[in-house]
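K.L.:
Sequence and predicted model, in that order:
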Amino acid sequence: MERLQLTITYEDKLKERNITALTTFEKQALISVFVQQLQNQNRLCCDKDENDLAVTEVDRFGFVKEVSCNRCQSIMQTPFLYTYKEKLRQKHLTSILNVKHMPNVLSAVVQQLRNQSINNRLCCDNDENDLVVTDVDWLGFVTEVTCQKCEQTTQTRFLGTYKHKLEQESIAFNDKDMPNVLSAVVQQLRNQCTNKRLCCDNDENDLVVTDVDSDGFVTEVKCDKCQHNMQTPFLHTYQQRLKQQDITLDYKDLPNSLSVIVQQLRNQSTNNRLCCDNDQNNLAVTDVDSDGLVTAFTCQICKQTTQMHFLRTYKEKLRLKEITKLDKMDLPNVLSSTVLLLRRHSITGTTCDKPRCCSNNVNDLTVEHVDSFGFVTEVKCSQCNEPWKPYATTQNGHTKESSMNLTLDQEITSAGTDGTAYGTML
Ligand SMILES: [Zn+2]
Ligand SMILES: [Zn+2]
Ligand SMILES: [Zn+2]
Ligand SMILES: [Zn+2]
Ligand SMILES: [Zn+2]
């Protein structure tokens, strides 16, 4: 008999307070919402069995305020949920039907607060149960929470505008993913900007979601202060491509993956530029590999498509050798050091050492071999189709494989900042 004790003790408390207007459906909803909130907060008590719980307090509307566990005698309240309900009531926004959604809204708000903070912490004690809702918007979404311990107040308006946009377009979207999409958009907006600022006041809560695509992904935001509209097409086309290829990556990680591509492009270019107008806002992802690494993109201005051969073949070789100690952000640095070494070892100073070819275009290179540390030991030039292993040969022309790592190490030390990635690899 599920929830028998909860139901019986709840009925007793309602009788004590002379509350008779609630229907069976409403009563069930009010018990469910309380249990759901405890579950979301991982606080369902000693043996995680809701049948051990008994209702010990209700408010004058029949809302559950407190339960106790019959096994360990713990008493549990949910001030976050309760203050949310109270705010809705004050603003005449309560309806028993949306009560069931309240714990999900609060979970999304908690995730949003974590994403908004620099260290992923909620507040002083990092305890969700210290939080109370101090404001909601006209549609009942939480816009402000306060920590009861340190009295710090935080806004979550941006999240609310996303929710409303989704509702307005009738798009079903997982509440828990919403903060992570916003986090990706905010990060991408920062990455797109040279000084990493968002907008005039650099405050994410000035932003309003103004457009989403048919999957519910944010495509445009506006700053409420200066009315500036901002888009993230590089991120959006990346997300679309991943979806087309059925690849699931954490939304929050997408801007980092794009940073790898941007870094690689800057390293590949002779003047540190991305493409004709040097703005990642004009790039659109056109292909990804099975791990979601961007392998091709198009520039919207000059319509040129670039294939990320060098990076893609490097990553493939690392995978074949099962080398996992390299962070994806390290890959462009390793390749940049490799290019430096190639040019030093080539008589002509170009990335290809074949006199008839002399290609100096990094994007002509593919990685043919890596060693067990992840060093690139052989590349091939796609212009002349010739492989070369520049580090396996000493100045006398004798093969000296055993000293290769040492040679590399010395080269890298003298290579300066580009070489620092090797230090973390070894
Ligand atoms: Zn217990
Ligand atoms: Zn606090
Ligand atoms: Zn602004
Ligand atoms: Zn271009
Ligand atoms: Zn060549």
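P.N.:
In hand now; what should we look at? Ligands and ions are numbered 1, 2, ... in the order given.
K.L.:
Can you tell me, leaving aside adjacent residues, what's nearest to residue 14?
P.N.:
Excluding the flanking residues, the one nearest residue 14 by CB to CB, 6 or more residues apart in numbering is residue 62, at 5.7 Å. Bear in mind the C-beta positions are built from the backbone N, C-alpha and C, glycine included.
K.L.:
Let me see the backbone angles for the residue nearest to residue 338 when sequence neighbours are not counted.
P.N.:
Leaving out its chain neighbours, the residue that sits closest to residue 338 by CB to CB, 6+ apart is residue 376, at 4.4 Å. Backbone torsions of residue 376, given as degrees, to the nearest 10, read phi -80, psi 120.
K.L.:
List the contacts of residue 376.
P.N.:
Neighbouring residues of residue 376 by CB atoms under 8 Å, 6 or more residues apart in numbering: 314, 334-335, 338, 367, 369-370.
K.L.:
change it to 10 Å
P.N.:
By CB atoms under 10 Å, 6 or more residues apart in numbering, residue 376 lies in contact with 310, 313-314, 317-318, 334-335, 337-339, 341-342, 365, 367-370, 389-391, 408.
K.L.:
Quick check: which ranges of the stretch 301-426 of the chain have low pLDDT?
P.N.:
For the stretch 301-426 of the chain, the stretches with pLDDT under 70 are 391-426.
K.L.:
Show me where it has its strands.
P.N.:
With DSSP state E, counting those that start in this stretch, the ranges of strands along the stretch 301-426 of the chain come out as 305-307, 365-370, 376-381, 386-388.
K.L.:
Quick check: which helices or strands does the first one pack against?
P.N.:
The one in question is strand 305-307. Strand 305-307 sits against helix 254-268, strand 283-288, strand 294-299, with contacts defined as 3 or more CB pairs under 10 Å, 6 or more residues apart in numbering; DSSP states H and E.
K.L.:
swap in the second one?
P.N.:
Counting contacts by 3+ CB pairs under 10 Å, 6+ apart, strand 365-370 is packed against helix 309-320, helix 330-345, strand 376-381, strand 386-388.
K.L.:
Now tabulate the ones you listed in TSV and tack on distance to residue 24.
P.N.:
Shown next, in TSV, are the helices and strands packed on strand 365-370 (distance: least, CB to CB, whole Å):
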stretch	distance to residue 24
helix 309-320	57
helix 330-345	60
strand 376-381	69
strand 386-388	76
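K.L.:
Minimum distance to residue 204: which of these has it?
P.N.:
Each of the helices and strands packed on strand 365-370 was scored for nearness to residue 204 using CB to CB, and the closest is helix 330-345 (27.9 Å).
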